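Chemist: Just need the structure, nothing else, for what follows:
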Amino acid sequence: MDHPRKPHVPSRASISRLNWGMMGKLVIITCLMFGFGYSMVPLYKKLCEVTGLNVLTPVDSDAARFAKNTQVDTSRTITVEFDANARGPWGFKPKRNSLEIHPGELTTMTYSITNNQDREMQAQAIPSYAPMQAHAYFRKLECFCFKQQTLEAHQTREFPVVFVVDPKLPKDVKTITLSYTFFEVGAGQAVHPAEESDQPRG
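Modeler: Numbers count the residues shown, from 1 in each chain. Below you'll find the predicted structure:
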């Protein structure tokens, strides 16, 4: 008659080795994630330079005239969502998370930026849009992303973003997300404006 086999019970030494092995893997993963987070900004800047996407926004010199001569389309309502991402010791947020607007309507959103360091810092905001096609229809008259900003130690400043959405925005676009990434830049590391484009500029 066969006796049932006893289940294998790992020894304490074996369990200890497994635990230490798992801890080592977790430490390595944490370090890699930490390093990846810090490398995101230079990688992001280089990717923008190569692809021509989301680089420092040039001033749209025609935006004011466009806004003045454009009729407001009251038959449509667009939801504009505002997103703020700080890379570093910043407080960065919009006054509101979203607005309901009509295409062609001149709109202002204010962003608050706080330098939480004990020293002066210079930083740059880079915008991106979702869906990406909305970029061609999002016209900014005023924006802190047009140039680098300098904040004193623990200083808080408010910056308006004045914009108008082109009524030619495709009918199927009901929501636009305007997202800014705000990060410190060092001396000689300025992000250069994009080359002029035939498309409306954001």
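
Chemist: Quick one: name whatever helix or strand follows the helix or strand harbouring Phe92.
Modeler: Using DSSP states H and E, Phe92 sits within strand 90-94. Going down the chain from strand 90-94, the next helix or strand is strand 98-101, by DSSP H and E.

Chemist: In the sheet, which strands lie alongside that next one, parallel or antiparallel?
Modeler: strand 78-87 (antiparallel) (DSSP bridges).

Chemist: Show me where the chain has its strands.
Modeler: With DSSP state E as the criterion, the chain has strands at 78-87, 90-94, 98-101, 107-115, 121-130, 138-142, 149-151, 156-165, 175-184.

Chemist: Could you list the domains of the chain?
Modeler: 12-53, 56-184 (automatic domain parsing).

Chemist: a markdown table please, covering those domains and showing mean pLDDT and mean neighbour count.
Modeler: Heads up, the C-betas are built off the backbone N, CA and C, glycines and all. Shown next, in a markdown table, are those (pLDDT from 0 to 100; neighbours: other Cβ atoms under 10 Å):
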| stretch | mean pLDDT | mean neighbour count |
| --- | --- | --- |
| domain 12-53 | 56 | 11 |
| domain 56-184 | 92 | 16 |
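
Chemist: thinking Thr77 is in contact with Leu99, fair?
Modeler: No: judged on Cβ atoms under 8 Å, Thr77 makes no contact with Leu99 at a distance of 10.2 Å.

Chemist: Of the strands of the chain, which is nearest Phe66?
Modeler: Phe66 lies closest to strand 138-142 among those, at 5.7 Å (Cβ to Cβ).

Chemist: how many degrees apart are the closest one and strand 107-115 in direction?
Modeler: Going by axes from the mean of the first three to the mean of the last three Cα atoms, to 10 degrees, strand 138-142 is angled at 60 degrees with respect to strand 107-115.
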